[in-house]
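Peer 1: Got a predicted structure plus its sequence, pasted below:
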Amino acid sequence: MTTLDLKKLTSCGSDWESNQYKLLIKVKEWSLNFNKNKLFPSIEESIQLNLALEDLLRENIECKLWFDNEIRGRRTNERVIVYEKAHQVGHQLDKLLNFIDWALQLNRPVLEEGRIIKNFVDDNLVIERVSRVEKNYHGKGYFSIPDNKNRMLNIYLYEIIWDWTQENLYQRISSNLVRSIPYNSLDNSVEEFMLNFVSYSKDMHEPVAFLIQSDLDFPFKETMFPIAEEKLLKHLCS
């Protein structure tokens, strides 16, 4: 899966028909993934494309207004002098704006489809704390989540990490798989199993533990797990 290079797609003197073809292929790929309920990384790529295109549109609309007012036409002795270079620049700018508008309209319904699927999955994930303690030990803990498609219960050790980006401090979650158990090997309920698991944890003393439950059998790696991680992070930071 290749990622889009928006700078190349929107550079001056681009082959706009070729750029449209490249973008059509990528958006079709995202749509096919969504039809299979596979959200990631397609939805992130679609969101980033939309944000980048909207930024480009704002910047170039301002540029076009300035260009039209200051360069493209000047009146001298009742005559309009149009410089050849200015005409070429204005022509390329018009093509760029038309491409951006076309790309936004192409991406919008696909992005909306991805968001609908994501919201549906999020609404069907339930987070429940099963440990006696409420607070994390140094931002660490455990959570379990079912992989219903493969009939496995996965247990992860998570850690909340603080990072800087563009001078802003934000939190992210890092998770490592520590155990996978087939459903037919679970003698007790998931709650009892998870309580027994954390009670024998060697990494932490009385760790916090959560169950993330769902009946959905959507693809685990591409959909269920990343949305569950995101929802747990919001839950922990609220």
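Peer 2: Done, it's in.
Peer 1: can you map out the strands along this structure?
Peer 2: Using DSSP state E, the strands of the chain run over 74-76, 79-81, 126-129, 140-147, 152-165, 168-182, 209-213.
Peer 1: Sort out which residues of the fourth one are buried, please.
Peer 2: Taking 16 or more other Cβ atoms under 10 Å as the basis for neighbour counts, the residues of strand 140-147 that come out buried are 141, 142, 143, 144, 145, 146, 147. Where you see a C-beta, it was placed from the backbone N, CA and C, and this is true even at glycine.
Peer 1: Out of those, the closest to residue 175 would be?
Peer 2: Proximity of those to residue 175 was ranked by Cβ to Cβ; the top entry is residue 143 with 7.8 Å.
Peer 1: coming back round to it: columns mean pLDDT and distance to residue 34 on top of the strands of the chain, output as CSV?
Peer 2: As requested, these are exported to CSV (pLDDT from 0 to 100; distance: least, Cβ to Cβ, whole Å):
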stretch, mean pLDDT, distance to residue 34
strand 74-76, 49, 50
strand 79-81, 48, 50
strand 126-129, 95, 24
strand 140-147, 95, 20
strand 152-165, 90, 24
strand 168-182, 91, 24
strand 209-213, 95, 22
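Peer 1: Please render the ones you listed as TSV that adds distance to residue 237 to the earlier fields.
Peer 2: TSV is the format used below for those (distance: least, Cβ to Cβ, whole Å):
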stretch	distance to residue 237
strand 74-76	56
strand 79-81	59
strand 126-129	13
strand 140-147	13
strand 152-165	8
strand 168-182	6
strand 209-213	14
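Peer 1: For residue 40, find the nearest of the ones you listed.
Peer 2: For the strands of the chain, proximity to residue 40 was assessed by Cβ to Cβ; strand 168-182 is nearest, at 14.1 Å.
Peer 1: Identify all contacting residues around that closest one.
Peer 2: Residues outside strand 168-182 that contact it (Cβ atoms under 8 Å, 6 or more residues apart in numbering) are 142-143, 147, 151-164, 193, 197, 229-230, 232-233, 236-237.
Peer 1: got the angle between that strand and strand 152-165?
Peer 2: Angle, strand 168-182 to strand 152-165, by axes from the mean of the first three to the mean of the last three Cα atoms, to 10 degrees: 170 degrees.
Peer 1: distance between stretch 215-226 and the chain's centre?
Peer 2: Offset of stretch 215-226 from its chain centre (Cα atoms, centre = their mean, to the nearest Å): 15 Å.
Peer 1: let's have the chain start at 352 instead
Peer 2: With the count now opening at 352, the last piece we talked about shows up as stretch 566-577.
Peer 1: Isn't residue 396 up against residue 381?
Peer 2: Yes: with contacts counted by Cβ atoms under 8 Å, residue 396 reaches residue 381, the gap being 6.8 Å.
Peer 1: Give the residues shared as contacts by these two.
Peer 2: Counting by Cβ under 8 Å, 6+ apart, nothing touches both residue 396 and residue 381.
Peer 1: in the top helix by length along the chain, what's buried?
Peer 2: Scanning the chain for the helix with the most residues, using DSSP state H, yields helix 435-474. Residues of helix 435-474 classed as buried: 437, 440-441, 444, 447-448, 450-451, 454-455, 457-458, 461-462, 464-465, 468-469, 472 (neighbour count, 16+ other Cβ under 10 Å).
Peer 1: likewise stretch 552-567?
Peer 2: So, applying 16+ other Cβ under 10 Å, buried residues of stretch 552-567: 552, 555, 558, 559, 560, 561, 562, 563, 564, 565, 567.
Peer 1: go on, stretch 523-540?
Peer 2: Under 16+ other Cβ under 10 Å, the buried positions of stretch 523-540 are 524, 526.
Peer 1: ok, and the closest non-adjacent residue to residue 462?
Peer 2: Closest residue to residue 462 apart from its sequence neighbours, by Cβ to Cβ, 6 or more residues apart in numbering: residue 397 at 4.6 Å.
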